[in-house]
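Engineer: just coords:
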């Protein structure tokens, strides 16, 4: 393992485990084992432990989803096709054997009553994604108010669709949800 | 505590904790403490431990949501109003201080890669809810195929809407999603 990449690899491993098993289900020892990082390095790079790591993982999930959504939504020139394209691309991830988990929603649901700091970071991630969806919808001609409302519904459909795809172990639920954009996004 | 009710109280307490903190975040000691049940009784009533309890909790979540949805959806005589009514009633739960958590979706997301038995029970719960939604939609005049598709989208919107309401600590996201039934359920 390249020394400069150690911190990055630990964080990527932790992020993936938090998405697939949640905050409580992921232990530092599993992160060490899966990342292949030397035991001491985890405490060196994350001296404040699991909470600090989760906070950075939440920000990484936020960034990853944001980049993917930005790219997907830029590829089509109308709202229905753009959001269908994005949802179908997420669906494809769940068709592969590897479970990609639930970004943000899983940690948020687990820690809402116990960890205000992590909850705030989750809230901010959701708001960031919704702002992106709303901006794109405004660009497609929706009013500011309608775009803001739809962005919340789309965010919920993607998060809920991921849960159903995780449970079904394939992308079919998300593809079915993508089809409904036709009526949801009627102007 | 009435003796005959002890098992029921333990299971209700466990169900509520699993919904709010997840499977991994909930320990037997917390269930004992919160339920007020004598320590030994938990092993007496659930000799196979936490997994057995989670399996029964999943079935109780399934039943609770089913009963609530059946009652809500029977109170209105068109699809838009019926599902809005159901979503707004769920939203109201999140306006109270008490977090009611995420039924099924939280446990499903945590254990999808590690516990096939619990995952199967979660899958069956989602399918049960979707069948109820689809039946009701067919009753409102949608074709069998359209009703089945919409039932998946509605299930995702409610699960995702609960996540956003948990994160926002109020029912506003679910109320916003309820509004979108107007366009989603266009016939």
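Structural biologist: On my side now, so go ahead. Keep in mind that what you see is a predicted model, and the values were worked out from it rather than measured. Numbers count the residues shown, from 1 in each chain, chains lettered A, B, ... in the order given.

Engineer: what sits up against stretch A:120-138?
Structural biologist: If you take CB atoms under 8 Å, 6 or more residues apart in numbering or on different chains as the criterion, stretch A:120-138 is touched by A:55, A:58-59, A:61-62, A:65-66, A:69-70, A:73, A:79, A:82-83, A:104, A:107-108, A:111, A:144, A:146-148, A:150-152, A:154-155, B:164, B:167-168. In this view, the C-beta of every residue, glycine as well, is placed from N, C-alpha and C.

Engineer: any weak-confidence spans in chain A?
Structural biologist: A:1-4, A:97 (pLDDT under 70).

Engineer: all helices of it, in order?
Structural biologist: A:6-21, A:28-35, A:39-45, A:49-74, A:79-95, A:105-111, A:116-139, A:144-168, A:172-179, A:181-184 (DSSP state H).

Engineer: how about the longest one: buried residues?
Structural biologist: Neighbour-count burial for helix A:49-74 flags A:50, A:53-62, A:65, A:69, A:72-73 (criterion: 16 or more other CB atoms under 10 Å in any protein chain shown).

Engineer: same check, this time on the shortest one
Structural biologist: Residues of helix A:181-184 classed as buried under the neighbour-count rule (16+ other CB under 10 Å) are A:181, A:183-184.

Engineer: got it, and the second one?
Structural biologist: Within helix A:28-35, the residues that qualify as buried are A:28, A:31-32, A:34-35, counting by 16+ other CB under 10 Å.

Engineer: and which of the residues you listed is nearest to chain B?
Structural biologist: Nearest to chain B, judged by CB to the nearest CB, of these is residue A:34 at 12.8 Å.

Engineer: what separation is there between the residue of chain A most remote from its centre and chain B?
Structural biologist: Here chain A reaches farthest from its C-alpha mean at residue A:40, the gap being 28.9 Å by CA atoms, centre = their mean. Distance from residue A:40 to chain B, counting by CB to the nearest CB, to the nearest Å: 26 Å.

Engineer: now do residue A:134
Structural biologist: On the measure of CB to the nearest CB, residue A:134 and chain B end up 12 Å apart.

Engineer: who's in contact with the residue most central in space within chain A?
Structural biologist: Chain A has residue A:103 as the residue nearest its centroid, 3.1 Å off, counting by CA atoms, centre = their mean. Counting by CB under 8 Å, 6+ apart, residue A:103 touches A:19, A:61-62, A:64-65, A:162.

Engineer: again, only using 7 Å
Structural biologist: By CB atoms under 7 Å, 6 or more residues apart in numbering or on different chains, residue A:103 lies in contact with A:19, A:61, A:65.

Engineer: how near is it to chain B?
Structural biologist: With CB to the nearest CB as the criterion, residue A:103 and chain B are 10 Å apart.

Engineer: excluding its backbone neighbours, what's nearest that residue?
Structural biologist: residue A:61 (4.0 Å; CB to CB, 6 or more residues apart in numbering or on different chains).

Engineer: and the gap between the one you found and chain B?
Structural biologist: Residue A:61 is 13 Å from chain B, by CB to the nearest CB.

Engineer: can you give me the neighbour number for residue A:110?
Structural biologist: 31 (other CB atoms under 10 Å in any protein chain shown).

Engineer: picking up where we left off before, now tabulate the buried residues of helix A:181-184 in TSV and tack on distance to residue A:12.
Structural biologist: Compiled in TSV, the buried residues of helix A:181-184 are given as follows (distance: CB to CB, whole Å):
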residue	distance to residue A:12
A:181	31
A:183	38
A:184	34
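
Engineer: what's the closest of the buried residues of helix A:49-74 to chain B?
Structural biologist: So of the buried residues of helix A:49-74, ranked by how close each gets to chain B (CB to the nearest CB), first place is residue A:58, at 11.4 Å.

Engineer: ok, the closest one - contacts?
Structural biologist: So residue A:58 contacts A:104, A:107, A:118, A:121-122, A:125 (CB under 7 Å, 6+ apart).

Engineer: before we move on, what about residue A:173?
Structural biologist: A:161, A:164-165, B:152, B:156.
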